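A.B. asks: coords below, sequence missing:
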Ligand SMILES: Cc1cc2nc3c(=O)[nH]c(=O)nc-3n(C[C@H](O)[C@H](O)[C@H](O)COP(=O)(O)OP(=O)(O)OC[C@H]3O[C@@H](n4cnc5c(N)ncnc54)[C@H](O)[C@@H]3O)c2cc1C
């Protein structure tokens, strides 16, 4: 089987690694020339499972892959609009939040506009092995792909998103009966629109709300029971004040806060990003409910303050055991399919955990420069994007910080490279062996 080598391999062609590609082309062109991005999908799409025609980005178009780092970049969202003849229409609509489909097209345009970094699609990474020299020093990585080939690299950047959260109580159900929101579109494509399915939807996130809304048109004759632990769908309580904690400039302050303080901040901010929905979505959901009642339709309903406490398949149907949190009363709900809007797993993705196990790490933590902390001198480095909320703050999984993060990673790789050329090994400690300021001043 083929084995190739690049200097930097980036796994995942989502916003994080495409933002990195733009930063590499602008700040480190020779490194960009020897960088490859791979993605398992055959096309570049943003959140392809929930790429719904009416869904919008929840952040300003100015939080694109580059503007906050370099507003003069040729990879801006505005340049994309100009290049594709849509600038007038976008301005005329007068809305800061693009449709998800527009962001998706923008990502694809950025990938196609790259002059140095290569992008290969349809390449699924299945595992990553460390490479060691005869003396045991970590010198690089071998990334193994599903087709049996492999790619060796000194630098690795993993931005594969987080793994879907399947609540343990539902994990035993047959996979063909359960559709997580990340697989909504392919899942729906396998069902028959005209059939009156009995469906359960679990969770109270924005994704759950989007699934609930989409089911109205995708499976219009189905009966949908939307089950949630909370008292009911609620709007995101953020304000312009709390939004400041999503700024890239807040990352330093958060990183330097003691762990107990960080945990407290995350707890305070939790509802501004999780288990809530946009006020616009809430209004549209309620309007739909209102019209259902007006039309005497009761086949879309909410079951609130309720926990799913057991689940099994019985005679071709899913049986959910529901426990009413108010009274403790237990009941059964028999369904054909279960949809999950239960978000993402907080643990590192399996791919990252596998890598950590392979190099004997007992925890997955990165430096301020997003470099995986490896407690030994190494000639290789691995960077993690989008899964460092505990150390880098609430914006870490979002578009908000990724333009700056791309710069941080680029500078850290350059620092590591320079240290290698000096012959001084590098040990990744919390703030990195070389601070970003030192490198920026070179
Ligand atoms: C439905 C939804 C809506 C969202 N809306 C917003 C929003 O409006 N604003 C905002 O700021 N954030 C939003 N987010 C958060 C989102 O995480 C970020 O916007 C952004 O997509 C993160 O980019 P990323 O590149 O880190 O990860 P992702 O966008 O998740 O991209 C990961 C990429 O890795 C690929 N991949 C995964 N595993 C492998 C593998 N083993 N081998 C090869 N490739 C692999 C995937 O195919 C994918 O292309 C949303 C998230 C969801 C789920």
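C.D. replies: In hand now; what should we look at? In this text, all values refer to a predicted model and were calculated from it rather than measured experimentally.
A.B. asks: So which bits of the chain are right by the ligand?
C.D. replies: On the criterion CB under 6 Å from any ligand atom, the ligand has as its neighbours in the chain the residues 11-17, 38-41, 47, 50, 57-59, 124-125, 159-161, 207, 351, 385-386, 397-400. (Each C-beta comes from the backbone N, C-alpha and C, glycine too.)
A.B. asks: Pull out the buried residues from the helix or strand where residue 252 lies.
C.D. replies: In the assignment (DSSP states H and E), residue 252 maps to helix 250-255. Neighbour-count burial for helix 250-255, counted by 16 or more other CB atoms under 10 Å, picks out 250, 251, 254, 255.
A.B. asks: average model confidence for the following helix or strand past that helix?
C.D. replies: Following helix 250-255 in sequence order, the next helix or strand is helix 259-269 (DSSP H and E). For helix 259-269, mean pLDDT is 96.
A.B. asks: check contacts around residue 117.
C.D. replies: By CB atoms under 8 Å, 6 or more residues apart in numbering, residue 117 lies in contact with 21, 24, 25, 32, 35, 36, 37.
A.B. asks: again, but for residue 399
C.D. replies: Contacts of residue 399 by CB under 8 Å, 6+ apart are 15, 57, 59, 63, 64.
A.B. asks: Now the buried members of the residues you listed.
C.D. replies: Judged by neighbour count, with 16+ other CB under 10 Å as the criterion, the buried members of the contacts of residue 399 are 15, 57, 59, 63, 64.
A.B. asks: how close does the second one get to residue 155?
C.D. replies: Look at residue 57 and residue 155: by CB to CB, to the nearest Å, they are 30 Å apart.
A.B. asks: Where does this structure get nearest to the ligand, which residue?
C.D. replies: Closest residue of the chain to the ligand, CB to the nearest ligand atom: residue 14 (2.2 Å).
A.B. asks: gap between the two ends of stretch 146-160?
C.D. replies: Chord length of stretch 146-160, first to last residue, is 15 Å (CA to CA, to the nearest Å).
A.B. asks: ok, how many other residues are close to the closest residue to residue 250 other than its chain neighbours?
C.D. replies: Nearest residue to residue 250 in three dimensions, chain neighbours excluded: residue 393, at 6.0 Å (CB to CB, 6 or more residues apart in numbering). The criterion is other CB atoms under 10 Å. On that basis, residue 393 has 26 neighbouring residues.
A.B. asks: all strands for the stretch 301-442 of the chain, in order.
C.D. replies: Residue ranges of the strands in the stretch 301-442 of the chain, as given by DSSP state E, counting those that start in this stretch, are 306-314, 317-324, 330-335, 337-340, 381-384.
A.B. asks: Tell me which of the ones you listed is the most buried.
C.D. replies: Between the strands of the stretch 301-442 of the chain, strand 381-384 has the highest mean count of neighbours, a mean of 28, where neighbours are mean count of other CB atoms under 10 Å.
A.B. asks: What is that one packed up against?
C.D. replies: In this structure, strand 381-384 makes packing contacts with strand 150-158, helix 402-422, judged by 3 or more CB pairs under 8 Å, 6 or more residues apart in numbering; DSSP states H and E.
A.B. asks: Please spell out which residues along the last one are buried.
C.D. replies: In this case it means helix 402-422. For helix 402-422, the neighbour count (16+ other CB under 10 Å) marks 402-417, 419-420 as buried.
A.B. asks: List phi and psi for residue 127.
C.D. replies: Dihedral angles of residue 127 (phi, psi; degrees, to the nearest 10) stand at phi -160, psi 160.
A.B. asks: returning to that earlier point: restricted to strands, list the contacts of residue 117.
C.D. replies: In strands, judged by DSSP state E, the following of those are found: 35, 36, 37.
A.B. asks: Next, format the buried ones among the contacts of residue 399 as TSV and append pLDDT, secondary structure and distance to residue 242.
C.D. replies: As requested, the buried ones among the contacts of residue 399 are arranged in TSV below (pLDDT from 0 to 100; DSSP: H, G, I helix; E, B strand; the rest coil; distance: CB to CB, whole Å):
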residue	pLDDT	secondary structure	distance to residue 242
15	98	helix	22
57	96	coil	19
59	94	coil	14
63	97	coil	16
64	98	coil	22
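A.B. asks: Would you mind putting those residues into CSV with distance to residue 113 alongside?
C.D. replies: Conversion of the buried ones among the contacts of residue 399 to CSV gives the following (distance: CB to CB, whole Å):
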residue, distance to residue 113
15, 15
57, 20
59, 22
63, 19
64, 13
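A.B. asks: Pick the one among those closest to residue 333.
C.D. replies: residue 57 (34.1 Å; CB to CB).
A.B. asks: which residues touch the closest one?
C.D. replies: Contacts for residue 57 were tallied using CB under 8 Å, 6+ apart; they are 97, 98, 99, 100, 102, 103, 399.
A.B. asks: Now which of those residues would you call buried?
C.D. replies: Looks like the contacts of residue 57 have 97, 98, 99, 100, 102, 103, 399 buried, using 16+ other CB under 10 Å.
A.B. asks: excluding its backbone neighbours, what's nearest the fourth one?
C.D. replies: Spatial nearest neighbour of residue 100, excluding adjacent residues (CB to CB, 6+ apart): residue 55 at 4.3 Å.
A.B. asks: show me what contacts the one you found?
C.D. replies: Contacts of residue 55 were listed using CB under 8 Å, 6+ apart, and they are 99, 100, 101, 210.
A.B. asks: Next, find the distance separating it from residue 179.
C.D. replies: The value you get for residue 55 to residue 179, if CB to CB is used, is 17 Å.
A.B. asks: before we move on, what about residue 7?
C.D. replies: When residue 7 is compared with residue 179 (using CB to CB), they lie 40 Å apart.
A.B. asks: Which one's more surrounded, those two?
C.D. replies: It is residue 179, of residue 7 and residue 179, that has more neighbours when counted by other CB under 10 Å, with 23 against 18.
A.B. asks: so that one sits in a strand?
C.D. replies: Yes - the secondary structure assignment for residue 179 places it in a strand, going by DSSP: H, G, I helix; E, B strand; the rest coil.
A.B. asks: Return the set of residues that bridge with it.
C.D. replies: Assessed by DSSP bridges, residue 179 has beta-bridge partners residue 339.
A.B. asks: And it, what's its pLDDT?
C.D. replies: 98.
A.B. asks: Hmm, residue 185 and it touching each other?
C.D. replies: No - the pair residue 179 and residue 185 fails to qualify as a contact (CB atoms under 8 Å) at a distance of 9.8 Å.
A.B. asks: what would the strands of the stretch 301-442 of the chain look like in CSV with mean pLDDT?
C.D. replies: Output for those, formatted as CSV (pLDDT from 0 to 100):
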stretch, mean pLDDT
strand 306-314, 97
strand 317-324, 98
strand 330-335, 98
strand 337-340, 98
strand 381-384, 98
